[in-house]
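Visitor: structure for this input, please:
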Amino acid sequence: MSTNPNLMPILTRDQARAIGSRFYFTNKTCIHGHRAKRYTANGHCVVCNDLHNAARPPEPRASRSPSRRRSRQEIRDANH
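Guide: From the prediction side, this is the model:
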């Protein structure tokens, strides 16, 4: 079994699933040209995933506000 420069063994997705690994590396480039490890769960390139997440706008502050948490708690209490 050969390895990549980052010392990750070359595995197929099925092999990674079999050993319970979160990532696998095939030494093949993704559609955008990254030669990086991939997520076993969905096969996505880790670099592409990081770039996608960095480009997303941050979560609106309103959804994290204390009043919103209080409202959710009030709904839970009313249902019980």
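Visitor: in the protein, which spans are strands?
Guide: In the chain, the strands defined using DSSP state E lie at 23-24, 38-39.
Visitor: what are the contacting residues of the last one?
Guide: In this case it means strand 38-39. When contacts are defined by CB atoms under 8 Å, 6 or more residues apart in numbering, strand 38-39 is touched by residues Arg13, Arg22, Phe23, Tyr24, Phe25, Thr26, Cys30, His44, Cys45, Val46, Asn49. Quick note: C-beta positions are derived from backbone N, CA and C, even for glycine.
Visitor: in contact with the fifth one, which residues?
Guide: For Phe25, the residues meeting the contact criterion (CB under 8 Å, 6+ apart) are Asn4, Met8, Pro9, Ile10, Leu11, Ala36, Lys37, Arg38.
Visitor: one more time with 10 Å
Guide: Counting by CB atoms under 10 Å, 6 or more residues apart in numbering, Phe25 makes contact with 3-4, 6-12, 16, 35-38, 46.
Visitor: ChimeraX command for the buried members of those residues?
Guide: Selection of the buried residues among the contacts of Phe25 in ChimeraX, burial being defined by 16 or more other CB atoms under 10 Å:
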select :11,16,36,37,38
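Visitor: in helices only, show me the contacts of Phe25.
Guide: Ala16, Val46 (DSSP state H).
Visitor: which one in the contacts of Phe25 is the model shakiest on?
Guide: Note: of the contacts of Phe25, the lowest pLDDT belongs to Thr3, at 45.
Visitor: quick one: low-confidence parts of the chain?
Guide: For the chain, applying pLDDT under 70 flags the ranges 1-6, 60-70, 72.
Visitor: run the last query once more with 50
Guide: The chain contains residues with pLDDT under 50 at 1-5.
Visitor: rewinding a little: what about burial for the contacts of strand 38-39, which qualify?
Guide: With neighbours counted by 16+ other CB under 10 Å, the contacts of strand 38-39 contain buried members at Arg13, Tyr24, Phe25, Thr26, Cys30, Cys45.
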